[in-house]
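A.B. asks: How does the following fold in three dimensions:
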Amino acid sequence: MNHIVIGNKRNLWNERYSISGYQDHVIISTIGSKTSNTELEVADEKIIYMEDLETRKQVYGICGECNEPGTGWEWCQPYIDELIQQSQLNAVHSVWFKGYIISWDIENQEWIRSGGIKVALKSLNNSSCISTEFLNEIKSYLQIYLWRVIQCYGITQDPNTKDYMMILYYCEYGNLRNYCLNNESNCYLKINNLTKIAIGLLNIHNAGKIHKDFHLGNILIHIHPYISDLGMCQPANNENQSVKKEGTYGVLPYMAPEILRGHQYTKPSDIYSFGIVMNEYISQETPYNNVSHNHALAIKICKGLRPNIFKYTPNLLVDLITKCWDAKPENRPTAKELYQKLEKFKKLNLKNKYHSQIYEYDNKIKLNRSSEKRSNNIQTQPQAIYTSRLLNSKIFQSQ
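C.D. replies: Numbering: from 1, shown residues only. Alright, predicted model coming up:
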């Protein structure tokens, strides 16, 4: 325990639990950066549901100001709520000179901050009257302190437009699709990155959430990959998430057939999207880049159309990709199984049988890069759209 005593006030933070283990204030997950396969196998048994307030205080410690349980950092949920209300800064900078809040100093009655850091500012146009959707995205970020998920530090306001912006962890290399255009990666590095992305998705699912907009543009790179854009992220048991009359948001090539038919998002829907992401990353070809992303494509996807798999993709990866985008949600692997299989593939890479497949893949990909301009693969058809948008309800009505 870390004791900070001022008069009769005392913080009792429990340092055994870090921010990466804090799950929506009620769940602790054992999945993290150092989780071994053995630990992963028993992860389900180790998840603790902290429904009792006193139990949460025992696990995370107690705030000396309000007697509320901690959150994994040295601060409590009421202070997070206050931060959202009061973090409307007077200026917008790419460098945040004071930095994010680390803890509350009871003695001096002020926040202890990290110091100057680069941050990303995500704006919502015409948000001077802040919307429920924007607040929900902020809430999703602040509730999910997870390994391999972009961290949100709070919100600010553009002094000129009055639009609100989220202050996010800065990833200097941008999204994974653009990163692949300018950087060569061998198969082993790709498997390693996919494993880390799977950890992020697993942690989101273990927190009882569904991403709902999972595609290569929402995976950001800063040394390691991070999952971003939790604006669509909702509880897995949300019964009010059916397709709206006007349509639904997303990127058509990554949307599971059941979503195109008007069904609710589920965890297997995210897994389908992961399969499309995985194939795009391995093949280095954007899905359905030669056709319009319209009603006709949606029908074909529902009838079984899938992106082309690169001829020299190692067999183990081909098998996992096809399982992820199986037409039946119940046949798809879970996020936990995804992580386990990818972790296993990293070790199998050292064995001769699979090493030869990976060696051949690396050579063929290198030849492809040298024989064609990669930028041509991003969008060869004007109506091939790879950013999230509202898809007309017509797509969903006849499936």
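
A.B. asks: CA atoms for contacts and neighbours, from now on please.
C.D. replies: Noted.

A.B. asks: and the host helix or strand of Tyr249, average pLDDT?
C.D. replies: Assignment of secondary structure by DSSP states H and E places Tyr249 within strand 247-250. Average pLDDT, strand 247-250: 74.

A.B. asks: And stretch 212-219, by the same measure?
C.D. replies: The pLDDT scores in stretch 212-219 average 90.

A.B. asks: same check, this time on stretch 170-190
C.D. replies: 85.

A.B. asks: where exactly do the helices run in this protein?
C.D. replies: Per DSSP state H, the chain carries helices over the ranges 37-41, 43-46, 53-60, 77-86, 132-143, 176-182, 187-206, 257-260, 267-283, 295-302, 315-324, 335-348, 352-371, 394-397.

A.B. asks: Lowest average pLDDT across those helices?
C.D. replies: Across the helices of the chain, helix 43-46 has the smallest mean pLDDT, namely a mean of 37.

A.B. asks: Run through the stretch 1-150 of the chain and note the low-pLDDT ranges.
C.D. replies: For the stretch 1-150 of the chain, applying pLDDT under 70 flags the ranges 1-104, 112-117, 124-147.

A.B. asks: Quick check: which helices or strands does the strand holding Tyr249 pack against?
C.D. replies: strand 389-392 (3 or more C-alpha pairs under 8 Å, 6 or more residues apart in numbering; DSSP states H and E).

A.B. asks: Can you give the strand pairings for the strand it packs on, parallel or anti for each?
C.D. replies: Strand 389-392 has its sheet partners listed here by DSSP bridges as strand 247-250 (antiparallel).

A.B. asks: and the strand it pairs with, C-alpha only, in PDB?
C.D. replies: Provided in PDB are the C-alpha atoms of strand 247-250 (Å, rounded to 0.1, in the frame of the first residue of the first chain):
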ATOM      1  CA  GLY A 247     -28.400   2.400 -41.700                       C
ATOM      2  CA  THR A 248     -25.200   1.700 -39.700                       C
ATOM      3  CA  TYR A 249     -21.700   3.000 -39.600                       C
ATOM      4  CA  GLY A 250     -18.700   1.000 -40.700                       C
END
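
A.B. asks: Just list the residues touching Asp326, thanks.
C.D. replies: 272, 332 (C-alpha atoms under 8 Å, 6 or more residues apart in numbering).

A.B. asks: repeat that for 10 Å
C.D. replies: 256-257, 268, 271-272, 275, 304, 306, 332-333 (C-alpha atoms under 10 Å, 6 or more residues apart in numbering).

A.B. asks: measure it to Val291 for me?
C.D. replies: Asp326 sits at a distance of 22 Å from Val291 (criterion: C-alpha to C-alpha, to the nearest Å).

A.B. asks: and what of Ala207?
C.D. replies: 37 Å.

A.B. asks: Which one of those two is surrounded by more residues?
C.D. replies: Between Ala207 and Val291, Ala207 has the larger neighbour count (other C-alpha atoms under 10 Å), namely 24 against 16.

A.B. asks: Next up, phi/psi of that one, please.
C.D. replies: phi -80, psi 0 (degrees, to the nearest 10).

A.B. asks: got a pLDDT number for it?
C.D. replies: So Ala207 comes in at 82 (pLDDT).

A.B. asks: thinking again about what came up before, filter the contacts of Asp326 down to just the buried residues.
C.D. replies: Buried subset of the contacts of Asp326 (neighbour count, 16 or more other C-alpha atoms under 10 Å): 256-257, 268, 271-272, 275, 306, 332-333.
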